[in-house]
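Trainee: need coordinates for the below:
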Amino acid sequence: MSSVITVTADELALPLEQHVARTSAALDSFGHLIALASPDPGDPARRRLHTVRAALEADRLAIVPVDLPPLATALLCEQLRQLAGTDLGPGVLAGAARLLSYYLYSGALLGSVTKLDRVPVTVGRHFKSLVPGRHFVVMAHPHPGVSEAGPDAVPGGPAFLTQLAVAGHGVDPGWITGPLASAWRTQHIREVPLPPESARWWGTGRLVEFTAYIADIGVLYQLVTSVRRDTCPWCGLEVIGDQCLFCSTRLGDRTRPVAAAQQQLGQQQQQQQQRPHEIGQRQQQSPQHRRPQDQDQRARELATPDRPQLEPHKR
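Mentor: Next up, the predicted model:
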């Protein structure tokens, strides 16, 4: 059985020895660990995870980079923990983190975008955020964008059934639970605590973060099991995707059959085009096309008899 973890600010405050001991105990208990981390190599949480993994020399700890806001990362971690109770192996479960992230629609309702650096913001939006009472809808995933909140200004949402998780304070969530939830055809609105990293991630403490996600474990299982699986040639784990996230081994050629057939056909046609040229070169090198001096040289070589090689003591 595997487990999925994230590194919080409280865990970063722990001494390294204590963090290593906790991770070692978790590996002994679950066998494999999947840690969701920021794709930024300089992120403190990701650096701590790499340090812990190096200290333990553990190849059963997979560090999976996910570029998601804090609430979406927490929900993805929750989905993977639910799937960990099924028959999915640790390699497949680690690859499922990348797969299921495409089915998350995450954003926030902000009172100001002056310190927002996760999503591109125009100069006009910065000036409008200085006006009191302005609220901005910021979509971080899967299609980043910034717009003013309004009944008609609803960003595009998922084309499948989802639930909507809402967390935050300081801003009225009525636009999220009203126009947004109606436009996205949300099945259920779930209020959750705001992650501690949200204020730093969004650049303000006055926000309401929201994420649309698939809550049905059966649908999540079907999505993961419908993907092609391979066996890692190094560690032997069953994986999905083009890389084993535990040992970082790249898998072989995963070209689609049609593309592979087209590539093979092109190589055959290229070889056929090169054959006449090669035949012409061979004809030029044949005895009929040789120059007279080359034929004389060949005749002299043939006329020379083969002499037996004498042993060194008889020379």
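
Trainee: hmm, residue 155 is touching residue 139, no?
Mentor: Yes - between residue 155 and residue 139 there is a contact under CB atoms under 8 Å: 4.9 Å. Where you see a C-beta, it was placed from the backbone N, CA and C, and this is true even at glycine.

Trainee: give me the number of neighbouring residues for residue 196.
Mentor: For residue 196, the count of nearby residues is 11 (other CB atoms under 10 Å).

Trainee: what's the answer for residue 9, then?
Mentor: Using other CB under 10 Å, residue 9 has 12 neighbouring residues.

Trainee: tell me where the model's unsure across the stretch 51-200 of the chain.
Mentor: Within the stretch 51-200 of the chain, the ranges that satisfy pLDDT under 70 run 123-133.

Trainee: who has more neighbours out of residue 155 and residue 139?
Mentor: Neighbours were counted for residue 155 and for residue 139 using other CB under 10 Å; residue 139 has more, 19 against 16.

Trainee: what about the helices in this protein?
Mentor: Secondary structure of the chain (DSSP state H): helices at 9-12, 16-30, 44-56, 70-83, 90-101, 123-128, 174-175, 181-183, 198-202, 217-225, 257-284, 292-303.

Trainee: sorry, back to before: what is in contact with residue 155 and residue 139 at once?
Mentor: Residues touching both residue 155 and residue 139 by CB atoms under 8 Å, 6 or more residues apart in numbering: 107, 145.

Trainee: can you name the residues that contact the nearest residue to residue 202 once chain neighbours are set aside?
Mentor: Spatially, and ignoring its direct neighbours in sequence, residue 202 is nearest to residue 108 (5.4 Å; CB to CB, 6 or more residues apart in numbering). Contact partners of residue 108, counting by CB under 8 Å, 6+ apart, are 69, 137, 138, 140, 168, 198, 202, 207, 208, 209, 210.

Trainee: redo that, cut-off 6 Å
Mentor: 138, 202, 207, 209 (CB atoms under 6 Å, 6 or more residues apart in numbering).

Trainee: just the buried residues of these.
Mentor: With neighbours counted by 16 or more other CB atoms under 10 Å, the contacts of residue 108 contain buried members at 138, 202, 207, 209.

Trainee: what pairs with the third one across the strands?
Mentor: With beta bridges defined as DSSP bridges, residue 207 has these partners: residue 110, residue 169.

Trainee: my read: it touches residue 107, true?
Mentor: No - using CB atoms under 6 Å, residue 207 and residue 107 do not qualify as a contacting pair, with a distance of 10.1 Å.
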